[in-house]
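K.L.:
coords please:
(one chain, ligands or ions: 1)
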Amino acid sequence: MAFLGRRVGQWPAPNIRSTLRTASRIAASILSAAIAAPLVAQVNVVTTTPDLADVVRTIGGDDVDVHTLTTGEEDLHLVTVRPSFLVQVHRADVFVQLGFDAEHAWVPALLQKAKNRAVRPGGAGFCDASVGVTPLQVPASVTRDAGPDLHPRGNPHYNLDPRRMKTVARNVRDCLVRVDEAHRAGYFERHAAFEEAIDRHHATWKKLLEPCRGSAFIENHRTWIYFADAFDLRIVGSLEPRPGLPPSAKHLADIIELAKRENVRLVVARPRFAELARRVAKDCGADARILQIGSLASGRGWLAFMDDIVAQFASVLGPGVSEAGDDGSRDRDVKGRGEGGRGARGSGEPDRNRSRCP
Ligand SMILES: [Zn+2]
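P.N.:
Numbering: from 1, shown residues only. From the prediction side, this is the model:
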């Protein structure tokens, strides 16, 4: 046995080693060939959010391969960098961020560690989508009292405003042209079609929300200012006393009092604040809508997401319940897109006359 064992142990080993060496040489050469000359010459784009990925996909068409680092369900201010992020950003030709410090807690470190100069600020492949976007809620001064989610350059949730998303679309187009001049015509053509689609949808959204102009609502985090600005709605308070801070009992009592005074009929919140939002809504005689604040990676893109949230606002603030409230279309939207959240159905009891806007 010892003899056999030695034979078994010694004789094949050099061959296995050489086979492994050959295999790894082949793998390495395949890998380097793949890196040097990809079969499909697409621009590799990495974005921080699904909204941005959707814009890139729409304008880039078949000329791009795009991946979003987040699913849309995370808190964009508090994302944990995974090793896969480093690999994706290392290989990227273009990196697109929302900007206004929305990703300040994780993107600067990610770009530093990913060892890809082309997609760092100053590189041809770095695209800050917020360039040229007019910010709202820029603090006069930034102190620790402002809360954990500091946004010294203004509120970063501008993806809820179609006018500002047109600026984003132009930024994305220009960045794609910069790194892939050969496909310039395609980028311009698809960008023009996207702008037209935004205008078309925007007109419909304005029409749907026109009867609600001036209506008041409450949010959970300071997220909806751009949406309110675009459609002339009023935010009268936030469940968070300061961005990123949980509310005290006193703050909630104040908010409920304020909501009653201001005739608030809608409380909007992200899924993780659903229970609180429903409780506050019940206490002030309003409806709660549990909404995402951007499209989901599993959803049908930014325009469809906006269709959905506009329908949700109109269902509470718009004239009449039956046409925009609990009909089949909203049910289909919520299930089909994975957006809007289950609360859209679970919390909107149509038991009151909602036929008026203030
Ligand atoms: Zn925020």
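
K.L.:
use CA for all of it now, contacts and neighbours both
P.N.:
OK.

K.L.:
list the buried residues in stretch 59-79.
P.N.:
Residues of stretch 59-79 classed as buried by neighbour count (16 or more other C-alpha atoms under 10 Å): 59-60, 63-73, 76-77, 79.

K.L.:
cool, stretch 186-196 as well?
P.N.:
The neighbour-count criterion (16+ other C-alpha under 10 Å) identifies Gly186, Tyr187, Phe188, Arg190, His191, Ala192, Phe194, Glu195 as the buried residues of stretch 186-196.

K.L.:
and for stretch 120-134?
P.N.:
Judged by neighbour count using 16+ other C-alpha under 10 Å, the buried positions of stretch 120-134 are Arg120, Ala124, Gly125, Phe126, Cys127, Asp128, Ala129, Ser130, Val133.

K.L.:
and Ala311, how close does it get to Pro241?
P.N.:
28 Å (C-alpha to C-alpha, to the nearest Å).

K.L.:
who has more neighbours, the two?
P.N.:
Of the pair Ala311 and Pro241, Ala311 is the one with more neighbours under other C-alpha atoms under 10 Å, namely 22 against 19.

K.L.:
related to what we said a few turns ago, inside helices: which ones of the buried residues of stretch 59-79?
P.N.:
Among these, the subset assigned to helices under DSSP state H consists of Ile59, Gly60.

K.L.:
hmm, back to that, need the buried residues of stretch 186-196 in JSON lines (columns: pLDDT, distance to Asp229 and secondary structure).
P.N.:
Rendered in JSON lines, the data for the buried residues of stretch 186-196 read as follows (pLDDT from 0 to 100; distance: C-alpha to C-alpha, whole Å; DSSP: H, G, I helix; E, B strand; the rest coil):
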{"residue": "Gly186", "pLDDT": "98", "distance to Asp229": "33", "secondary structure": "helix"}
{"residue": "Tyr187", "pLDDT": "98", "distance to Asp229": "30", "secondary structure": "helix"}
{"residue": "Phe188", "pLDDT": "98", "distance to Asp229": "29", "secondary structure": "helix"}
{"residue": "Arg190", "pLDDT": "98", "distance to Asp229": "28", "secondary structure": "helix"}
{"residue": "His191", "pLDDT": "98", "distance to Asp229": "25", "secondary structure": "helix"}
{"residue": "Ala192", "pLDDT": "98", "distance to Asp229": "25", "secondary structure": "helix"}
{"residue": "Phe194", "pLDDT": "98", "distance to Asp229": "22", "secondary structure": "helix"}
{"residue": "Glu195", "pLDDT": "98", "distance to Asp229": "20", "secondary structure": "helix"}
